[in-house]
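Q: please work out how this folds:
(one chain, ligands or ions: 1)
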Amino acid sequence: MRRLLITGAAGEIGSVLRPALRDVAGAVRLFDIRPIPDPQPHEELWLGDLTAPGVADDVTRDVDCIIHLAGIPRETGGTPAEIFHANTLGTHLLFEAARKSGVRRMIFASSNHVIGFYRAGQPIGTREPPRPDGHYGVSKVFGEAMGRLYADKHGMEIACLRIGAFRARPGNARELGGWISHGDMARLAVACVTAPAFHFLVLYGVSANTRALWGGDHAARAAVGYIPIDDAEDFAEDLEGVVLEGLGAVFHGGTVAALDFTGDPDLID
Ligand SMILES: NC(=O)c1ccc[n+]([C@@H]2O[C@H](COP(=O)([O-])OP(=O)(O)OC[C@H]3O[C@@H](n4cnc5c(N)ncnc54)[C@H](O)[C@@H]3O)[C@@H](O)[C@H]2O)c1
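A: Take a look at the predicted model:
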C-alpha cells in the first residue's frame with residue numbers, strides 16, 4: 001500500500017494506532033485539526049479542519065486506505081449542532097473526497113451507541129435496526145449508512161467498527177462487556193487495513209470479553225482476521241460494586257441513554 005490516511009490522528013485512539021500502523025504502508029498521513037505530537041520520519045503531518053471547503057479533497061490525494069477517527073467522540077462533547085457538523089458533515093465530505101480520489105478502503109470509527117437504546121442484558125448483533133441513544137449515536141448511524149452507500153454504489157471497501165469503551169482498563173460493570181484494550185484496538189485496525197478485499201463489514205470493536213453482549217460479527221471478524229486477546233474479566237474483581245444505577249443500567253448505552261431522558265422506559269421493548 002502506498003499511503004494510509006488516519007484522520008483524528010492526534011486523538012486518544014489515533015495516538016495508540018500510530019506505532020502499530022507504522023509499517024503497513026509506504027507512508028502514513030496523519031491528519032487532525034490540532035497539532036500532532038512527535039512526528040516520525042515516515043509520517044506526513046497534515047493540519048486542517050475536515051469540514052472546511054476543499055480540505056477533504058486535498059488530504060485524500062494519493063491515499064489508498066483511510067482510518068476515519070476525526071470528530072466529536074461522545075454525546076457530551078458538544079451541542080447536537082456541533083456533533084452533526086463535525087461528525088456528519090465531516091464524514092460526508094470525507095467519503096465523497098475519498099471516492100473522487102480513488103481511495104480503495106475506508107475504516108469508519110462507529111460506536112456502540114448506534115444500538116444504545118436496546119435493553120441491557122439483551123444480546124445484540126449487527127443486523128438489528130439501529131437504535132441510537134443520542135445525537136452522537138445518530139451521527140454514527142449516518143456514518144455507517146454512508147459506508148453502506150459508498151460500498152454498494154461505488155465499490156469502496158468499507159469496515160464500520162462499533163467501538164466500545166477504549167481505555168487502558170475497564171472502568172465499570174458495563175465496560176466488562178464493552179471494553180476494548182489498547183492492544184486489541186491496534187490489532188483490529190491493523191487487521192482491517194491489511195485484510196484481503198472485502199465489500200461492507202460491521203464489527204464490534206471490543207476485546208475478547210467473557211461478558212460480551214455485542215456480537216453476531218463472526219463472519220466480519222473472520223474476513224479481516226481480527227483475533228482479540230484481552231478480556232475485561234481480568235479486572236472484574238476490582239470493579240465489584242462499580243455499577244451503573246437507575247436508567248443508566250437499563251439500556252446498552254448506559255449513562256448516555258439516560259442523559260436528558262424524558263420518555264417512558266416501559267415503552268422501550
Ligand atoms: N474512545 C472511545 O472509547 C470511542 C468509542 C467509540 C467510538 N469512538 C470513535 O473513535 C474516534 C476517535 O475517538 P477518540 O477517543 O480518539 O477521540 P479524540 O477526541 O481523542 O480524537 C478525535 C480527534 O479528531 C479531531 N477532530 C475533531 N474534529 C475535527 C475536524 N473537523 N477536522 C480534523 N480533526 C478533527 C480532534 O482534534 C481529535 O484529535 C471518534 O470518531 C469516536 O467517535 C471512540
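Q: show me the contacts for the closest residue in space to residue 152 that isn't next to it in sequence.
A: Closest residue to residue 152 apart from its sequence neighbours, by Cβ to Cβ, 6 or more residues apart in numbering: residue 200 at 7.2 Å. No exception for glycine: its C-beta is placed from N, CA and C like everyone else's. When contacts are counted by Cβ atoms under 8 Å, 6 or more residues apart in numbering, residue 200 touches 147-148, 151-152, 157-160.
Q: which residues of this structure fall in strands?
A: 3-7, 27-32, 43-47, 65-68, 105-111, 157-163, 165-166, 179-180, 200-205 (DSSP state E).
Q: which helices and strands sit right next to the third one?
A: Strand 43-47 sits against strand 27-32, with contacts defined as 3 or more Cβ pairs under 8 Å, 6 or more residues apart in numbering; DSSP states H and E.
Q: which stretches of the stretch 151-269 of the chain form helices?
A: 175-178, 182-194, 218-224, 255-258 (DSSP state H, counting those that start in this stretch).
Q: can you tell me which of the ones you listed is most buried?
A: Among the helices of the stretch 151-269 of the chain, ranked by average contacts under mean count of other Cβ atoms under 10 Å, first place goes to helix 175-178 (a mean of 24).
Q: and that one, is it in reach of the ligand?
A: No. Helix 175-178 stays clear of the ligand (Cβ under 6 Å from any ligand atom), getting no nearer than 9.0 Å.
Q: now do stretch 216-235
A: No. Stretch 216-235 is not in contact with the ligand by Cβ under 6 Å from any ligand atom; minimum separation 13.3 Å.
Q: alpha carbons only: can I get that stretch in CSV?
A: Listed next in CSV are the C-alpha coordinates belonging to stretch 216-235 (Å, rounded to 0.1, in the frame of the first residue of the first chain):
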residue,chain,number,x,y,z
GLY,A,216,-23.1,-11.5,15.6
ASP,A,217,-20.0,-10.3,13.7
HIS,A,218,-18.0,-13.6,13.5
ALA,A,219,-18.0,-13.6,9.7
ALA,A,220,-16.8,-10.0,9.6
ARG,A,221,-14.1,-10.7,12.2
ALA,A,222,-13.0,-13.7,10.1
ALA,A,223,-13.0,-11.6,6.9
VAL,A,224,-10.4,-9.3,8.4
GLY,A,225,-8.7,-11.8,10.7
TYR,A,226,-9.4,-9.9,14.0
ILE,A,227,-8.5,-12.0,17.0
PRO,A,228,-8.7,-10.1,20.2
ILE,A,229,-6.7,-11.4,23.1
ASP,A,230,-7.6,-9.2,26.2
ASP,A,231,-10.5,-9.9,28.5
ALA,A,232,-12.2,-7.3,30.8
GLU,A,233,-12.8,-10.2,33.2
ASP,A,234,-9.2,-9.8,34.4
PHE,A,235,-10.4,-6.6,36.1
